[in-house]
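model this:
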Amino acid sequence: MDFIFGVQETGGSSHHDEVFERITHPALRRVIDVVLVFSGFAMGFVMLAGAGANLEQQFGLPAWAGSALCAVLVILTAFLDFDRIMKVIGVFTPMIIVAITILTIYSLATPHPSVAELNTAATQVTPALPNLWLSTINYFALCVVNGIAMAFVLGGSVLRIGGTIIALVIGADALCLYLNVDRVWDVNVPALEIARSTHPAFAFVYTLIIFALIYNTVFSLFYSTARRFSGGQTTRMRIVLVGVVAVGYAASLMGFKKLIGGMYPIIGWLGVALLVVLAVGWLRERSAVLREENLRRKLIRVLVRKHADDLEYTDEHRAQARTLAQASVVDGTELRCEADSIAEQIADTQDDAAAYAREALPVDEALVEQAIEADRANG
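The predicted structure is shown next:
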């Protein structure tokens, strides 16, 4: 997301509670805080159990050992600097996109039962909820409630997120599972079972990718939970994280299937309630959100000139970039660095960077004028 409710004043929020403090009543904010902390922790230990189930299904490793390995990696990651953490989190996304694409093509290209037979096989799966639409809404809300806490921590600095790519990957994964539901409906990790039918080497690689993505998810969830109770202190955050991981590991020993069946619907309904709050906050702050989004995109377009060989980047453009960065509600220096990095990528990869840079976007002129006056006052 380009901007989260327009509530940060300097820099990104250090945890989700700072965001809800600005858009909800104090009593409701406390309830939401509890929901997010509980949901993040619960999903975290469910994923720890999934890490164990993944390695057990492929390698025969005891589930407790696989979960323990994931827990240790999460703790070790917390002792890296933040830039390294972000690189660790981001490196696995291209891998899973390629892997799911391969699985989907394989599932479409190989013989599979008819739609009627697949529907019959699907009825063997015990649904989390009795209604399809309720199940869909519940799962969507579950994904939101477990992604939103980390998004609030990162959202102040992240300028673009590929929501369309995420939707396509999830859709392809769902199609792949449906085409193979007759033989994977009762296994712990269905996609891994499909990968095993393609080629042993691919199954080995896919197992490692799944484990890496589970580790990625567990770290994100437990990290945002630890940030909530760290008071902005890195040392304290690491201590809290170790404690959260230890308790989560103990909870994960209940078993992956049992945890999914019991915890997912609960977290999903909590997510539905959170979505209502977010929708109200969006409606209240919509104009500020759109203004900030346009401002940041305009900043990127100005900075593309700095890196494009066939464009000039004059003192006037430099002043305009500084003005736009200062007009943002987040820290101008950090925002400009982030925008400069994205602009460089655009200039290096886009065929017509000049046309991109010249494309006009509406920017709140009054807000820019205020920034100009502040810039002049500060010399």
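
tell me how far the ends of stretch 323-335 are from each other?
12 Å (CA to CA, to the nearest Å).

Name the residues of it that are buried.
Within stretch 323-335, the residues scored as buried using 16 or more other CB atoms under 10 Å are 323, 324, 325, 326, 327, 328, 329, 330, 331, 332, 334, 335. Bear in mind the C-beta positions are built from the backbone N, C-alpha and C, glycine included.

same deal with stretch 131-139?
Buried-residue list, stretch 131-139, by 16+ other CB under 10 Å: 134, 135, 137, 138, 139.

can you tell me which of the residues you listed are in helices?
Here DSSP state H is the test, and the buried residues of stretch 131-139 give 134, 135, 137, 138, 139 as lying in helices.

In the protein, where is pLDDT below threshold?
1-29, 81-83, 85-90, 128, 146-164, 289, 329-330, 349-379 (pLDDT under 70).

how about the buried residues of stretch 131-139 in a markdown table, adding distance to residue 114?
Output for the buried residues of stretch 131-139, formatted as a markdown table (distance: CB to CB, whole Å):
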| residue | distance to residue 114 |
| --- | --- |
| 134 | 27 |
| 135 | 24 |
| 137 | 29 |
| 138 | 29 |
| 139 | 26 |
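
Which of the residues you listed sits closest to residue 239?
Using CB to CB, residue 139 is the member of the buried residues of stretch 131-139 that sits closest to residue 239, with 33.8 Å.

Can you tell me how far residue 322 is from residue 278?
Residue 322 sits at a distance of 33 Å from residue 278 (criterion: CB to CB, to the nearest Å).

one step back: which of the ones in helices among the buried residues of stretch 131-139 sit farthest apart?
Taking CB to CB, no two of those sit farther apart than 134 and 139, at 9.7 Å.

Out of the buried residues of stretch 323-335, which sit inside helices?
Using DSSP H, the buried residues of stretch 323-335 in helices are 323, 324, 325, 326, 327, 332, 334, 335.

how about residue 71, what does it touch?
48, 218, 245, 246, 248, 249 (CB atoms under 8 Å, 6 or more residues apart in numbering).

ok, the third one touching residue 76?
No: taking CB atoms under 8 Å as the contact criterion, residue 245 and residue 76 are not neighbours in contact, 10.5 Å apart.

Compare the two (neighbour count), which wins?
residue 245 (25 against 10; other CB atoms under 10 Å).

Excluding chain neighbours, what is closest to that one?
Distance criterion CB to CB, 6 or more residues apart in numbering; nearest residue to residue 245, sequence neighbours excluded, is residue 71 at 5.1 Å.

what about that neighbour, which helix or strand?
Remark: residue 71 resides in helix 63-77, with elements defined by DSSP states H and E.

Appreciated, that's everything.
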